[in-house]
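Undergrad: The following comprises the amino acid sequence and a computationally predicted model.
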Amino acid sequence: KCGYYDGSASDIPITTGFTPRFVLIKRTNGASYWNVFDSLRSMGSSGNDGQLLININSAQQTNKDFVNTTATGFVVKVGADGDTNVAGGEYIYYAHA
């Protein structure tokens with residue numbers, strides 16, 4: 001599923017109709033990275049996630065909780081990173097099972 005959301009000062013639930021195993025997020029109204037999260041890098045219902053930035057050469061980051069999966073989608077956590085959720089940010093996403 002592809003879609004978009006507006007950043008917020010709180011967590012943002014995204015409904016996809018399935019539990020995603022892969023999520024890509026990109027901020028569209030400011031400089032940001034292409035953020036990748038997947039179930040092989042600890043993306044799940046809670047806890048810190050493995051984050052890859054696919055448009056730069058950097059190591060995986062694992063010290064923040066960016067995205068939590070649900071039975072019908074995922075939740076973008078507030079405060080983890082301006083590249084994924086900040087008030088005033090505009091974002092696109094791609095998610096698949």
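TA: Perfect, thanks for sending it. Just so it is clear, the model here is predicted, and its values are computed rather than measured.
Undergrad: in the lowest-mean-pLDDT helix or strand in the chain, what counts as buried?
TA: Lowest by mean pLDDT, DSSP states H and E among the helices and strands of the chain is strand 61-64, with a mean of 84. Neighbour counts using 16 or more other C-beta atoms under 10 Å place Q61 of strand 61-64 among the buried residues. (C-beta placed from N, C-alpha, C; glycine too.)
Undergrad: Partner strands of it and their direction?
TA: strand 49-53 (antiparallel) (DSSP bridges).
Undergrad: residues of the following helix or strand past the least confident helix or strand of the chain that come out buried?
TA: Counting by DSSP states H and E, the next helix or strand C-terminal to strand 61-64 is strand 67-70. For strand 67-70, burial by neighbour count (16+ other C-beta under 10 Å) applies to V67, N68, T69.
Undergrad: ok, the second one touching G44?
TA: Okay, so that is N68. Yes: with contacts counted by C-beta atoms under 8 Å, N68 reaches G44, the gap being 7.1 Å.
Undergrad: helix/strand/coil for the residue located most distally from the centre of the chain?
TA: Distance from the C-alpha centroid of the chain, by C-alpha atoms, centre = their mean, peaks at N57 (18.9 Å). Per DSSP: H, G, I helix; E, B strand; the rest coil, the local secondary structure of N57 is coil.
Undergrad: got a pLDDT number for it?
TA: Here, the pLDDT recorded for N57 equals 84.
Undergrad: Next: L40.
TA: 87.
Undergrad: got a list of what it touches?
TA: G50 (C-beta atoms under 8 Å, 6 or more residues apart in numbering).
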